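Student: this is a predicted model, with the sequence first.
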Amino acid sequence: MNSEVSVSTALDQLALGETFTFDELVGAVQRSRGRRLRIVELVGVTGRDGLCAVWFEAGGDDVILHAQSDSVLHEQQFVLHELAHMILGHEVDEDSDVPDILLPDIPPETRRRLLRRQDLNTVKEVQAETLADHLAAAIRGSTMHRSRYLEVFG
């Protein structure tokens with residue numbers, strides 16, 4: 001799943017079946033990317049603050065930071081959207097250039113990704129949200145209720 005793929009192809013490549021747990025999904029993403037995945041809630045930040053979630057690479061790991069929400073399902077959707085970007089192969093656009101004067105301590109590729117996030121009607125954003133919806137449905141359909149999902153989302 002290193003190159004960009006369609007939503008249906010991405011679901012097939014996960015090889016998780018029609019239903020799976022949040023843990024199984026996280027494990028499949030980690031295996032496919034060959035990296036550890038850390039999911040961290042941003043305490044005191046809500047979706048109303050303009051940031052729902054962000055995915056970036058740090059120290060050889062993938063990291064998803066997500067905002068708090070009164071709805072567990074809403075928080076789940078924040079994270080699933082970022083997982084969908086990973087699964088679909090939506091890597092950082094190396095052609096765009098963000099001046100380092102704005103955020104000098106953040107690597108250029110991370111700055112590009114963070115600052116691009118205002119346009120939610122792009123093909124990649126729509127694909128990621130579509131896949132996130134499919135992932136959420138598969139998790140809800142899972143008969144296994146004990147998972148890291150409860151650890152992450154309460």
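Tutor: Alright, I've got the coordinates.
Student: helices of this protein, start to end?
Tutor: Remark: helices assigned in the chain by DSSP state H are 7-14, 22-33, 72-88, 108-115, 123-140, 148-153.
Student: count of residues packed around Thr9?
Tutor: Neighbour count for Thr9, taken as other Cβ atoms under 10 Å: 13. For glycine as for every other residue, the C-beta is placed from the backbone atoms N, C-alpha and C.
Student: and the helices of the chain, which one is worst for confidence?
Tutor: Out of these, helix 108-115 stands lowest, with a mean of 57 (criterion: mean pLDDT).
Student: from what I can see Ala10 touches Met86, true?
Tutor: No - applying Cβ atoms under 8 Å, one finds Ala10 not in contact with Met86, separated by 9.8 Å.
Student: returning to what we had before: just the helices of the chain: most buried one?
Tutor: Of all those, helix 72-88 carries the top mean neighbour count, a mean of 22, counting by mean count of other Cβ atoms under 10 Å.
Student: buried set for the longest strand seen in the chain?
Tutor: Taking DSSP state E as the criterion, the chain has its longest strand at strand 37-46. Applying a neighbour-count criterion of 16 or more other Cβ atoms under 10 Å, one finds 37, 39, 41, 45 buried in strand 37-46.
Student: need the contact list for the second one.
Tutor: So the one you mean is Ile39. By Cβ atoms under 8 Å, 6 or more residues apart in numbering, the residues touching Ile39 are 26, 63-64, 66, 79, 152.
Student: can you lay out these as a markdown table showing distance to Phe56?
Tutor: As requested, the contacts of Ile39 are arranged in a markdown table below (distance: Cβ to Cβ, whole Å):
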| residue | distance to Phe56 |
| --- | --- |
| Val26 | 17 |
| Val63 | 6 |
| Ile64 | 8 |
| His66 | 12 |
| Val79 | 14 |
| Val152 | 17 |
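Student: from those, which is closest to Leu131?
Tutor: Val79 (12.6 Å; Cβ to Cβ).
Student: so Leu42 touches Ala67, yeah?
Tutor: Yes - here Leu42 reaches Ala67: they are 5.6 Å apart, a contact under Cβ under 8 Å.
Student: what's across from the closest residue to Arg35 other than its chain neighbours in the sheet?
Tutor: Leaving aside its chain neighbours, Arg35 sits nearest to Asp62 (5.1 Å; criterion: Cβ to Cβ, 6 or more residues apart in numbering). For Asp62, the beta-bridge partners under DSSP bridges are Leu37, Glu57.
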